[in-house]
Each structure stands twice: as structure tokens, then as C-alpha cells.
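Student: sequence plus predicted model, see below.
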Amino acid sequence: MNGKSLKVLFLGPQGTYSHQAVLQQFQSIPNVEYLPATSIPQCFDELEEDVTVDYSVVPLENSTNGQVVFSYDLLRDRMIQKAQSSTTSAKTNMITSDIEVIAEQYVSITHCLISPIELPNGVESLERFEEVVIHSHPQVWGQVDGYLKSLEEKFPSLTFSRSDCSSTSESVYQCMRSHAASDDNILHLAIASETAAQLHKAHIIEHSINDKLGNTTRFLVLKRRENTSRNEIESTELPQVNLLTFTTRQDDPGSLVDVLNVLKIHSLNMCSINSRPFHMDENDRNWRYLFFIEYYTDGNAPRNKETFYEDISEKSKQWCLWGTFPRNGKYYHK
Ligand SMILES: O=C(O)C(=O)Cc1ccccc1
């Protein structure tokens, strides 16, 4: 890099877990400009549309409650949009996305219950209110479900409600703004990281409220695809992860197995599989599925990449290789 500062997008504002992920990815690189996006779609759109943006970091899945469907659907939509246009190579039915995945990051998630005001008796102070509104990112609810149920059982006379926000750190800001404008009998709280509480000068009522220890979110690092040829990855000992999406001839019996069997034929080990519903157009039937698989490649497999890709082409309806990137060592941590 010729001293030009790198511009990197993340789901902001500062203090989000995405902010932590982007710092982990780029902290060793000088002259990085961190740009907070207001939504996950904006993390995709601005990377595609603003050539001055170099990278974007988005949450993909959580170890407690699985897919961040917002991100999966943004990848899905881009593949389907391309499939609907004529840009798909007729010969290989391979779709070349405008963005590619170049790395992954893992962030340990430690949610805190955060208040805009000091509560002298901590969580016991809730009993002096009639209503509690809890603000957070929708991905959080499935990670603190048990904790919230215990809170409702502890204070049966209180009315609890939830307010979805664009991010955890944003939820602290919204909680403080809402509290300033609300009745004395309503308490607005947020669920976010300790960093987010500190940045917004809010008060942590309870630490580590996530239901499962080791709660971790996986993030993808995206960049614009520089050229349509599949970038050859320099040889490395680290296992390489490949993210590939595909659709099948769904009415043909065994169509999904036939695609997955290509991995077996080429001695490739699959490490994840997910699916999301899709429609080719607004008249298309329901219950079509686009599949997301990840598999490892290394020096030994596949023995012949071009044959592997030809076999994937033959067995799938459309397919897209989003990227090949090193397995981050944090994948193995808990
Ligand atoms: O809102 C954030 O802090 C994010 O980065 C998205 C998110 C939300 C909940 C868990 C992990 C990531």
C-alpha cells in the first residue's frame, strides 16, 4: 500500500462487536480509516458503490443462535440478482459476485445490561419502575433469552418490552435518548458490550448476561472483486476455507446430494452448510432454497480445481464461489 489510508466499513457506531472485529482485522496496519455504517446493508452497498472504500466487515453467524440472517440474505440477494441477469456464464452457470470474502474474524460476545442512569441497588432497583424497555440489536435476543426470562420472573409486576436497534452500540444511544424523554415510571435499558457502555457514559447494571459461555460471533471481511478470475491463493500451511453458494434442480430427486457428493469425490471436507429461501422473481413459487456451504482446501485437495468446478457446475443450477480465505485460529477457541 503506498501510504494511502485504507478505508474500512463496519456496523457502527463505535463500540459494536463489529467495531471490535474490524480492529482485530486491521489493528496491525497503519493509516486505516474506520467508517461506521448505520446498517448491515450499508456495509455491502457502500463497498460495492464507493471505490474509495477498501473493505467491509459484517457479522455472519453466532455460536449461540446461528445465522445472522440479514447478512446471509444480502449474499443470497446478490447471487439471485446476478442469476436473473444474463451475466451468468451460460457454459458454467457460475456466477461471479462483485464482492469477495478475503478473511474471517471471531469476537467473544459479552453482553451487559446497561442503564442510562445509575441504579443504586443494581438490578434490584427495577422494582421501583412499572415498565422496562430493553433496546438491542435483534441478533441479541436469542443470546440472552434465558436471562430475560429470569428478569421477568424476578419482577412479575413489571411490564417488559423490547426495542430493536441497528446495532448494540446504537441501542445504548437510543436507550439514553428514550430515557431522557420518558415518564419516571418507565426505565429504558440496553444490552451491549462494556465498551459501548463506556463510550456512551452509561452504567453497567449486570455483566456477562449471555446465556452461554463462549458466546462468539463470526464476521466476514469483504472486498470488491478485483478481477473475474479466481484469485489463486498463495500456498500456505493454514487450512483455507471456501464459501460457495448454489441452487439445485430442486425437483430432481437427489439434486442436493449430487452437489454435496462432488465434495466427497474430490476429498473435500465440508465445515458448514446453511440455507435461505429465495424467489427467482415475484411470481416464483415459495420454498426454493439457496445453499451456503464451506469446505476446506489445502495443498492436497482438490487435486484438480478446474475439474472440481466443472463437477459443481454439472450438478448445480447456479453457483458462486464467494472467496477462499485462511481459517482464523480463533475458530478453534471457546
Ligand atoms: O450490533 C453489534 O454490535 C454488531 O456488531 C452486530 C452483532 C449483534 C449481536 C451480536 C454480535 C454482533
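Tutor: Cool, the structure landed. Numbers count the residues shown, from 1 in each chain.

Student: report back the residue of the chain that's furthest from centre.
Tutor: In the chain, the residue that sits farthest from the middle, by Cα atoms, centre = their mean, is residue 128; the gap is 37.8 Å.

Student: okay, that one: pLDDT?
Tutor: With respect to pLDDT, residue 128 has a value of 95.

Student: from the ligand, how far out is it?
Tutor: The spacing between residue 128 and the ligand, counted by Cβ to the nearest ligand atom, to the nearest Å, is 29 Å. C-beta here means a position set from N, CA and C on the backbone, and glycine is covered the same way.

Student: show me the protein divided up by domain.
Tutor: Taking automatic domain parsing as the domain assignment, the ranges for the chain are 6-107+216-225+237-332, 112-206.

Student: residues contacting residue 58?
Tutor: 11, 18, 40, 43, 44, 68, 71, 74, 219, 220, 222 (Cβ atoms under 8 Å, 6 or more residues apart in numbering).

Student: gap between it and residue 167?
Tutor: Separation of residue 58 from residue 167 (Cβ to Cβ, to the nearest Å) stands at 12 Å.

Student: need the residues touching each of the two.
Tutor: The contact sets of residue 58 and residue 167 overlap at 11, 18 (Cβ under 8 Å, 6+ apart).

Student: point out where this structure drops to low pLDDT.
Tutor: The chain contains residues with pLDDT under 70 at 1-3, 86-92, 228-237.

Student: would you mind listing what in it touches the ligand?
Tutor: 11, 16-18, 59, 62, 109, 137, 139-140, 167-169, 217 (Cβ under 6 Å from any ligand atom).

Student: returning to what we had before: which of the contacts of residue 58 sits closest to residue 174?
Tutor: residue 11 (14.8 Å; Cβ to Cβ).

Student: and the nearest residue to the closest one once chain neighbours are set aside, which helix or strand is it part of?
Tutor: Leaving aside its sequence neighbours, residue 11 sits nearest to residue 18 (Cβ to Cβ, 6 or more residues apart in numbering; 4.0 Å). Element membership for residue 18 (DSSP states H and E) is helix 17-26.

Student: next one: residue 162
Tutor: Residue-wise, residue 162 maps onto strand 159-164 under DSSP H and E.

Student: by contact count, what packs against that strand?
Tutor: Counting contacts by 3 or more Cβ pairs under 8 Å, 6 or more residues apart in numbering; DSSP states H and E, strand 159-164 is packed against strand 131-136, helix 145-154, helix 168-180.

Student: now do the buried residues in the helix or strand hosting residue 79.
Tutor: For residue 79, the element it lies in under DSSP H and E is helix 69-84. For helix 69-84, the neighbour count (16 or more other Cβ atoms under 10 Å) marks 70, 71, 72, 73, 74, 75, 76, 78, 79, 80, 82, 83 as buried.

Student: by contact count, what packs against it?
Tutor: Judged by 3+ Cβ pairs under 8 Å, 6+ apart, the packing partners of helix 69-84 are helix 40-49, strand 55-62, strand 240-247, strand 270-278, strand 288-297, strand 318-326.

Student: list the buried residues of the fourth one.
Tutor: This points to strand 270-278. 274, 275, 276, 278.

Student: between that strand and strand 55-62, how many degrees?
Tutor: Going by axes from the mean of the first three to the mean of the last three Cα atoms, to 10 degrees, strand 270-278 is angled at 90 degrees with respect to strand 55-62.
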